[in-house]
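J.: this one's structure only:
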């Protein structure tokens, strides 16, 4: 090895590694030991996988592939009810595609605002809300069904609607007969 300033330990890297804990230090030490073995045997090429480059190496020296393909889009449905005294009742409904519930909730926040999105009841699957057929037109339902079955799925889809009812009592004036 060279004995220049590049072979000195990096305090910043060491403090980041120490912050990750003893397991991370052991994993890094196993990686360093493997690198030394590879350098000594001049076999550094076969181990240049993503796992080896990112430090995902098992202590026994075998590379562990940790990269997984992202999850497929799932169909999510959401509802939230908003009752404001004197203004009526509003039912918000949304259907769409997302990889995770948190992604779908983020989409809702852009359309409904963060307060309604946080309080929304979100379910995975097209048949999770019995009134979904009332709130969703057939073309949207057909797209979501194709996505659930995995055939001809759209790249992205989000449908939102709102049903508002004004339930303020009507005031009726009744005139009493005079005597």
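T.: Good, I have the coordinates. None of these values were measured; they are calculated from a predicted model.
J.: any buried residues in stretch 149-167, and which?
T.: Within stretch 149-167, the residues that count as buried by 16 or more other Cβ atoms under 10 Å are 153, 157-159. In short, each C-beta sits where N, CA and C put it, glycine included.
J.: surely residue 133 meets residue 141?
T.: Yes. With contact defined as Cβ atoms under 8 Å, residue 133 counts as touching residue 141 (7.2 Å).
J.: these two: which has the busier surroundings?
T.: For residue 133 versus residue 141, neighbours defined as other Cβ atoms under 10 Å are more numerous around residue 141 (16 against 11).
J.: wasn't that one part of a helix?
T.: Yes. Judged by DSSP: H, G, I helix; E, B strand; the rest coil, residue 141 forms part of a helix.
J.: give the contact list for it.
T.: 126, 132-133 (Cβ atoms under 8 Å, 6 or more residues apart in numbering).
J.: make it 10 Å
T.: 95, 126, 132-133, 135, 159 (Cβ atoms under 10 Å, 6 or more residues apart in numbering).
J.: CSV for the residues you listed, including pLDDT, secondary structure and distance to residue 88?
T.: What follows is the contacts of residue 141, written out as CSV (pLDDT from 0 to 100; DSSP: H, G, I helix; E, B strand; the rest coil; distance: Cβ to Cβ, whole Å):
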residue, pLDDT, secondary structure, distance to residue 88
95, 94, strand, 23
126, 87, coil, 29
132, 84, helix, 22
133, 82, helix, 23
135, 88, helix, 17
159, 92, strand, 23
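J.: tell me which of the residues you listed is nearest to residue 76?
T.: residue 95 (7.3 Å; Cβ to Cβ).
J.: just give the nearest non-adjacent residue to that closest one, would you?
T.: residue 159 (4.8 Å; Cβ to Cβ, 6 or more residues apart in numbering).
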